[in-house]
Each structure stands twice: as C-alpha cells, then as structure tokens.
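heads up, no residue letters with this:
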C-alpha cells in the first residue's frame, strides 16, 4: 500500500461514515459533543480501514496509517457538510435512531 492508496481508502470510508455516525449521535447533543463523536468514530474507522486494507502489520508504516486516518476525517467532515447535512439525510437518521424518553413517547 502507498500513500495514494491510503488516501483513497480514507476518502471512500470517510464519505459514508457520517451516515453511520448519525446512528450514534442524538439531535439534542451539543455541537462540541457531536464533533468529539465524529473524530472518535473516524479514528476507530481508520483502525479498521488500515487493518482491512493492509493487515495488522500495516500499522508499522506510520505515514500510511496517518494518511488513512486524516483521509477519513477530512472526507467525513467534508461529505457531511456538502452532501449529508444539506440533503437532510444524516439529521433524519439521527432523529429516527434517537431513543424517546417516556415523556416524549406520550
């Protein structure tokens, strides 16, 4: 795997990651909490992407691992701001997967 492959993998994973993150996030969370969750989910997705693309030995190549992590983070934030948020798909997923309290259910 080379740096370009790492960035491509990161971009592919990062593009769909906001939809998966929306399942975890809740509409009433603060913007800061949502950003923290997005970064943590990007890091976790980065670990899996690196391992899936090059195996666990791939972590020995720090610059490739970092390129994948940064590619995922950049692509996820960009695709959320440019595609998923304006299309209202990610916010809709957040609303649908939010657990309703007893008071909200009435």
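Great, that's in hand. Just so you know, these numbers come straight off a predicted model, no measurement behind them.

so what's residue 21 up against?
37, 38, 41, 76, 90 (Cβ atoms under 8 Å, 6 or more residues apart in numbering). C-betas here are computed from N, CA, C, even on glycine.

in the chain, what helix or strand scores lowest on average pLDDT?
When the helices and strands of the chain are scored by mean pLDDT, DSSP states H and E, helix 102-105 comes last with a mean of 48.

surely residue 39 and residue 76 touch.
No: judged on Cβ atoms under 8 Å, residue 39 makes no contact with residue 76 at a distance of 9.2 Å.

the two: which is more packed in?
Per other Cβ atoms under 10 Å, whichever of residue 39 and residue 76 has more neighbours is residue 76, with 27 against 15.

just the pLDDT for the residue most central in space within the chain.
Taking Cα atoms, centre = their mean, the centroid of the chain lies closest to residue 17, which sits 3.6 Å from it. Here the pLDDT value assigned to residue 17 is 94.

ok, then the element right after the helix or strand hosting it?
If you go by DSSP states H and E, residue 17 is part of helix 3-24. Counting by DSSP H and E, the element after helix 3-24 in chain order, helix or strand, is helix 31-54.

report the mean confidence score over that next one.
For helix 31-54, mean pLDDT is 89.
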